[in-house]
Structure formats: structure tokens, C-alpha cells
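Quick one, fold the following:
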Amino acid sequence: MSVARSSISSNRRLIRRLLLMVVAMFGFGYALVPLYNVFCEITGLNGKTGVVQAEDVRAVDETRTVTVEFLATTQSSLNWEIRPLVRTMEVHPGGIYEVNYLARNLDADRSVGQAVPSVAPSKASLYFNKTECFCFSRQLFEGGESRQMPVRFVVGADLPAEISTLTLSYTFFRVSDEG
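Numbering: from 1, shown residues only. Have a look, this model is predicted:
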């Protein structure tokens, strides 16, 4: 009988230690989220783009062109149609350009979406900056509503020469219309 008690006691200690480890791992992961965002912003990993004021744009490099491709997708729970009005654009680094996306709520009810941008290759995200973007705020659409949404951007003149094509992609997610 004492062997059984010893085994039960040993199992309880093991379960407590494992639960403590799970809680500690969750807390550690939760604490890393802000650091991950800072890391992505510094390194350009995860395709996060920058924001720049139009007056901060420097000289245009007329001797070079870069192809910018545009994509859009939606999360499965957001019944919207999203597409860029142009698929590709040739730009001169340093110049300010604008492209429009067309969005339409396919539901009869209102819904709210938020766009999350990404740039590929990730190295190019350090040089891709937006001066105006629908991704800066949540988008409220009434049932059946559609509208054009502009993105004004600059590809930095200091974009490395080996990058001749980059892709700007938006993924739209359903969000609460509160706050």
C-alpha cells in the first residue's frame, strides 16, 4: 500500500511541475510578442512595411525601375471580395505612387475588416513605405457596400540593386466593430 501512495504522490508532484512549466512557457511566449514586433520592425522580417510622410520623400531615381506586384486575400470568416485595380506597376525608386484596391462586402449585414500588409521579399520591406493606406484603420462596410481604397507608397531610392520586383500583399481579417 505504501508503494501505491508513493506512486500517487510522485505522480502529483510530476503533474504540478508540468503545469508550472506550461504556465511559465505561456507567460514567456506572451512576453515576447512586443519584442517580436520590434525585431520585425528593425530587421524587416515578416514583411512589415514602414510609414513615411509625403514631405520626407527624397529625390526620385529616374535611372531605375522596380516592378511592384499587388495581391489581396481575405480570412475565411470575412465574406468580402478584395482585389487591386492594377496587378503590377513599374515605379522609380523615390517616387510617390498610388494604387487602388476594390473591396466589397458580399454579406447582407455590416461587417468590419482590418488589412495586414506584407512585402516580399522581406528584405524589401525596409524600403517600402506608405504615406496613406486603408490598412491604418479598420474598415466598416454595410451589407453589399463596395468602395475603392487607396494606397499611396514610396519605394526607397536606397533599395538594393538586386531587388527588381517586390510584392505588396494584404490579408483582410474580420474584427469587432467595437472600439
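
Not counting residues beside it along the chain, what's closest to Arg147?
In space, and not counting its chain neighbours, Arg147 is closest to Ala103: 6.3 Å by C-beta to C-beta, 6 or more residues apart in numbering. Just so you know, the C-beta spots here come from the backbone N, C-alpha and C atoms, and that holds for glycine as well.

which residues touch Pro84?
Phe70, Leu71, Ala72, Val99, Asn100, Tyr101, Leu102 (C-beta atoms under 8 Å, 6 or more residues apart in numbering).

What does the pLDDT read for the third one?
Among the per-residue scores, Ala72 holds a pLDDT of 95.

The last one too?
Per-residue confidence (pLDDT) for Leu102: 96.

what about it, helix or strand, and which?
Taking DSSP states H and E as the definition, Leu102 sits inside strand 96-105.

Pull the distance from the following helix or strand past that strand to the chain's centre.
Downstream of strand 96-105, the next assigned helix or strand under DSSP H and E is strand 111-120. Strand 111-120 sits 6 Å away from the centroid of its parent chain (C-alpha atoms, centre = their mean, to the nearest Å).

if we can go back for a sec, what about the contacts of Pro84, which one has the most neighbours?
Counting neighbours by other C-beta atoms under 10 Å, the top entry in the contacts of Pro84 is Tyr101, with 22 neighbours.

Distance of that one relative to Gly143?
20 Å (C-beta to C-beta, to the nearest Å).

Bridging across strands, which residues link to Trp80?
Applying DSSP bridges to Trp80 gives these bridge partners: Asn105.

quick one, what contacts it?
Applying C-beta under 8 Å, 6+ apart, the residues contacting Trp80 are Thr74, Ala103, Arg104, Asn105, Leu106, Ser111, Gly113, Phe141, Phe172.

Could you work out the end-to-end span of stretch 83-98 for me?
15 Å (C-alpha to C-alpha, to the nearest Å).

for the helix or strand in which Met149 is found, packing partners?
Using DSSP H and E, Met149 maps to strand 146-155. Judged by 3 or more C-beta pairs under 8 Å, 6 or more residues apart in numbering; DSSP states H and E, strand 146-155 is in contact with strand 66-74, strand 96-105, strand 128-133, strand 165-175.

Which strands border the first one, and is each parallel or antiparallel?
What that stands for is strand 66-74. In the sheet, strand 66-74 lines up with strand 88-91 (antiparallel), strand 165-175 (parallel) (DSSP bridges).

about what we covered before: list the buried residues in the strand holding Met149.
Met149, Val151, Phe153, Val154, Val155 (16 or more other C-beta atoms under 10 Å).

I appreciate the help and will end here.
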